[in-house]
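Undergrad: okay, predicted coordinates and the sequence, questions at the end:
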Amino acid sequence: MIDIKVDNGGDKQMKPNWGMIGVLLIGIGFWTNVWFNGFWWSLFWLIMLSVVGGIWLKIKENRY
């Protein structure tokens, strides 16, 4: 989850992998929501948020 990169001087720098952290947080949030609200209700909201996010990305893509 944490990349170790070597720069030109040979020093190691640890940088977090934000993509992996985001996927883990979304997964934890989804399964916590399943635990408290039920699978179908959680799946419904996951699909609705995905559709809204997809439409938003499509609108932003065609702005220019």
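TA: Done, it's in.

Undergrad: so how far is the helix or strand containing Val52 from its chain's centroid?
TA: Using DSSP states H and E, Val52 maps to helix 39-61. Mean C-alpha position of helix 39-61 versus that of the full chain (Cα atoms, centre = their mean, to the nearest Å) differs by 13 Å.

Undergrad: what helices and strands are in contact with it?
TA: helix 18-37 (3 or more Cβ pairs under 8 Å, 6 or more residues apart in numbering; DSSP states H and E). C-beta coordinates here come from the backbone N, C-alpha and C atoms, glycine included.

Undergrad: can you state the direction angle for the helix it packs on and helix 39-61?
TA: 140 degrees (axes from the mean of the first three to the mean of the last three Cα atoms, to 10 degrees).

Undergrad: how far does helix 18-37 sit from the chain's center?
TA: For helix 18-37, the distance to the chain centre is 9 Å (Cα atoms, centre = their mean).

Undergrad: now do stretch 36-48
TA: 17 Å.

Undergrad: C-alpha coordinates for that stretch, CSV please?
TA: Coordinates of each C-alpha in stretch 36-48 appear next as CSV, following Å, rounded to 0.1, in the frame of the first residue of the first chain:
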residue,chain,number,x,y,z
PHE,A,36,-26.4,-1.5,9.3
ASN,A,37,-28.9,-1.0,6.4
GLY,A,38,-29.0,-4.3,4.5
PHE,A,39,-27.5,-5.5,1.2
TRP,A,40,-30.2,-4.4,-1.3
TRP,A,41,-30.5,-0.8,0.1
SER,A,42,-26.7,-0.4,0.0
LEU,A,43,-26.5,-1.8,-3.5
PHE,A,44,-29.3,0.6,-4.6
TRP,A,45,-27.4,3.6,-3.3
LEU,A,46,-24.1,2.4,-4.7
ILE,A,47,-25.6,2.1,-8.2
MET,A,48,-27.3,5.5,-7.9
